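Asks: Got a predicted model here, sequence first, then my questions.
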Amino acid sequence: MSDSGFDYDAIIIGAGMSGLAAGIRLAMYDQRVCILERHTTIGGLNSFYRLDGRNYDVGLHALTNYVSKGDRRRPLGKVLKQLRFSWDEFQLRQQKGSQIAFGDVRLNFTNDIQRLTADVADHFPRHVDQLKQLIEELPEYEDLESIPDGASGREFVARYIRDPMLAEMLLAPLLYYGSAREQDIDLDQFVILFRSIYLEGFCRPREGVRLILRLLTRRYKQLGGELRLRCGVKALHTTGDSVEQVELDSGEVLRAKRIASSAGWAETRELLRDRQQHSNALDEARSDGNVLPPLDDRSAGVLSFVETLSVLDRPIAELGHDATIIFFNNGEHFDWRRPVDLVDPRSGVICCPENFEFEQPTEMPMVRVTCLANFDRWQELAREEYLTQKDHWYEQIITTIKPFVPDFERHVVAHDMFTPTTIKRFTGHLNGAVYGAPRKQRDGRTGLANLFICGTDQGFVGIIGTLVSGVSIANQHLLVD
């Protein structure tokens, strides 16, 4: 321990994208920083695993916020600058083209917004001017702080788009890629995702998420950062309005000047169990109103997913399918809420990772399908029934997507599927909630002087968003004396 009595200048809980980004920023300024990760792998919601000699990505379908080389003004360019990566290191290639498919109506979009507006003009000719007006009046990234907490993205869309089906089609990709709020999306997140998906667009790094994680980890360690795997946090012990000690699962106790948690809002509250007995008195004593909300089930999100991963013996483009990502819905209505059954296969996301503009194949041919799922229903299953239901829902999902992709079943050489309980086990997110708590904390403050939230529950979404979150928390709170 140093003379100051602290083991580290900063401890970061979780080696996901935001945690790694925060660690790099701190290490750049010679901070003594340690990232603690409970599991044996890094990446959190965006990682990978190996099964029967094959690598499977988890989380990442595509990077959003694509920019051309040399553009440092928008989020991706700013992240590269802040973390000191070159554009070439990420080896990015743009999407070939994606779709929003509601029944027989298909809206195609690329990284050029003109493709989307042209398709809207074809299918919804009376409403294309409304879409153009929405785009013109969409707030800039810099204006997000002026948006009231909890403002509705759905209500914003309704001001411009009068056709209910078109409104739902425009919302579907945004909800699937970032909303923790049932049947809606916070307006600030709507702005972020609309810009990042429609106005900037999709891209993918060579080798998928593995390349990004390798670059982040290498940079962090080169700068002197410490990464401890299999090192979970058991509790955060407080004195007054600060975290005094970080207790590990092993019983080891660490001390740091500042702590950033990417574990999630409700999950971090779980680590403050010893504070709950006097939390009311402490909260009432604060005059700035910046207090932790009550620790209850409402603090955690409920939206989770299953994802099927089907490895093919050939690229699906050889079967006549060039679309990169398809957001589909074949029900009478589009429901963005926790399903009653184990899975709601009526809507979802179909991703073909090789359908980006790579000169040569970079990954094994695969079709990934994501659908909404119910954590509680999956959690209550006994092991044998759990495996039976996985097989059942894999078949159901593959059957459901047949109107949107060629019949590829005879070309499947291996497949796997993860469920909400898988997400809970490997991320720690309560309810397997991929996008965390519906209520976000934009400034990252928790009400404790030296504890901050980064990542999904700060309100930043997507790979680039979580990297921005880690950078912003490091810059605003962890590097300030």
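Replies: Yep, it's here. Numbers count the residues shown, from 1 in each chain.

Asks: C-terminal to the helix or strand bottoming out on mean pLDDT in the chain, what's the next element?
Replies: One helix or strand of the chain scores below all others by mean pLDDT, DSSP states H and E: helix 279-285, with a mean of 42. Elements were assigned by DSSP states H and E; along the chain past helix 279-285, the next helix or strand is strand 304-312.

Asks: List the strands paired with the next helix or strand after that following strand, with their directions.
Replies: Sequence-wise, the next helix or strand downstream of strand 304-312 (DSSP H and E) is strand 325-329. Applying DSSP bridges, strand 325-329 is found paired with strand 98-102 (parallel), strand 343-351 (antiparallel).

Asks: want to try CSV for the ones you listed, with distance to residue 368 as columns?
Replies: For the C-beta atoms, the positions are set from N, CA and C on the backbone; glycine is no exception. As requested, the strands paired with strand 325-329 are arranged in CSV below (distance: least, Cβ to Cβ, whole Å):
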stretch, distance to residue 368
strand 98-102, 14
strand 343-351, 4
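
Asks: do you know which of those lies nearest residue 251?
Replies: Relative to residue 251, the nearest member of the strands paired with strand 325-329 by Cβ to Cβ is strand 343-351, separated by 40.1 Å.

Asks: Just the strands from the stretch 351-481 of the chain, written as ranges.
Replies: 366-373, 412-418, 451-453 (DSSP state E, counting those that start in this stretch).

Asks: Check which helices and strands the last one sits against.
Replies: Using 3 or more Cβ pairs under 8 Å, 6 or more residues apart in numbering; DSSP states H and E as the contact criterion, the secondary-structure elements in contact with strand 451-453 are strand 256-261, helix 265-270.

Asks: residues in contact with that strand?
Replies: With Cβ atoms under 8 Å, 6 or more residues apart in numbering as the test, strand 451-453 has contacts from 236, 242-243, 258-262, 264-265, 268, 441, 444-446, 473, 477-478.

Asks: and with 7 Å instead?
Replies: Residues outside strand 451-453 that contact it (Cβ atoms under 7 Å, 6 or more residues apart in numbering): 243, 259, 260, 261, 265, 268, 441, 444, 445, 446, 473, 477.

Asks: just stretch 229-248 next, same as before
Replies: For stretch 229-248, the external contacting residues (Cβ under 7 Å, 6+ apart) are 11, 13, 36-40, 249, 253-256, 259, 271-275, 282, 448-451.

Asks: Going through those, which ones are buried?
Replies: When the contacts of stretch 229-248 are checked for burial by 16 or more other Cβ atoms under 10 Å, the buried set is 11, 13, 36-39, 254-256, 259, 271-272, 275, 282, 448, 450-451.

Asks: how about low-confidence regions in this protein?
Replies: Scanning the chain for pLDDT under 70 picks out the ranges 1-4, 274-298.

Asks: re earlier: turn the strands paired with strand 325-329 into CSV, including distance to residue 26 and mean neighbour count.
Replies: Formatted as CSV, the strands paired with strand 325-329 follow (distance: least, Cβ to Cβ, whole Å; neighbours: other Cβ atoms under 10 Å):
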stretch, distance to residue 26, mean neighbour count
strand 98-102, 36, 23
strand 343-351, 33, 23
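
Asks: that older thread, closest to residue 372 among the contacts of strand 451-453?
Replies: Nearest to residue 372 among the contacts of strand 451-453 is residue 265, at 21.4 Å by Cβ to Cβ.

Asks: Can you give me the distance of the closest residue to that closest one other than its chain neighbours to residue 6?
Replies: The shortest distance from residue 265 to any non-neighbouring residue, by Cβ to Cβ, 6 or more residues apart in numbering, is to residue 457 (4.1 Å). According to Cβ to Cβ, to the nearest Å, residue 457 and residue 6 sit 26 Å apart.

Asks: and these two? which has more neighbours close in?
Replies: A count of neighbours by other Cβ atoms under 10 Å puts residue 457 above the other of residue 457 and residue 6, at 31 against 16.

Asks: hang on, isn't that one packed against residue 436?
Replies: Yes. Using Cβ atoms under 7 Å, residue 457 is in contact with residue 436, at 4.3 Å.

Asks: For those two, list the residues in contact with both.
Replies: Shared contacts of residue 457 and residue 436, defined by Cβ under 7 Å, 6+ apart, are found at 264, 265.
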